[in-house]
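Chemist: pasting the sequence and the predicted model now:
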Amino acid sequence: MSWRNTEIRYGSLSIALHWLMLLLIVAIYAAIELREIYPKGSDPREALKTWHFMLGLTCLALVMVRLAARVGAPRPGITPVLPPWQHKIGSLMHFLLYALMIGMPIVGWLLRSAEGKPIPFFGLELPPLIAADKATAELLEEVHETAGTVGYFVIGFHALAALFHHYVRRDNTLRRMLPWG
């Protein structure tokens, strides 16, 4: 399999980034959900929050690689061709997924900045994006949490749509992105 996309199939680079991003997003959600089992202020809870943040920034970096890989690359067609309404919904869902993968880490970084907390990234400390401000931090936290909840639905719908295409429509939507032929 070629690392580049073709007219009929995604290349190994796109496929690897897609599935790596899935694993990364699962880890991001798991870290923030698992923190709840530990008492506030405990070391494990703080470690999970730190991992949530660092993995979120990793997601931001990888989505930039993914977007760069898409530039100029052909997008494999879906066979049989989708009705226009399904194509529009699919485009909207992909836009929402990319908005989440870009927006959530940025809002998280802004939130940490507004809280006046350090911004760790695997041994580095990144600069704050804005000055510390309690009211801004509260607003950003609400936006981040709401978008995170929306993310569950968007990701779930994406997965259900792939299964619908594979098992009901019996088109090549899912097969184009599977690592095996």
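Modeler: Cool, the structure landed.
Chemist: which stretches in this structure count as helices?
Modeler: Secondary structure of the chain (DSSP state H): helices at 12-34, 43-70, 84-115, 134-164.
Chemist: and the ones you listed: which comes nearest residue 178?
Modeler: Minimum separation from residue 178 across the helices of the chain (C-beta to C-beta) falls at helix 12-34, 7.4 Å. C-beta: built from backbone N, CA, C; applies to glycine.
Chemist: in the closest one, what's buried?
Modeler: For helix 12-34, burial by neighbour count (16 or more other C-beta atoms under 10 Å) applies to 13, 14, 15, 17, 21, 24, 25, 27, 28, 29, 31, 32.
Chemist: OK, contacts around the fourth one?
Modeler: In other words, residue 17. Contacts here follow C-beta atoms under 8 Å, 6 or more residues apart in numbering; on that basis residue 17 touches 62, 65, 66, 69.
Chemist: how about those in CSV, adding neighbour count and pLDDT?
Modeler: Converted to CSV, the contacts of residue 17 look like this (neighbours: other C-beta atoms under 10 Å; pLDDT from 0 to 100):
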residue, neighbour count, pLDDT
62, 15, 97
65, 13, 96
66, 19, 94
69, 17, 91
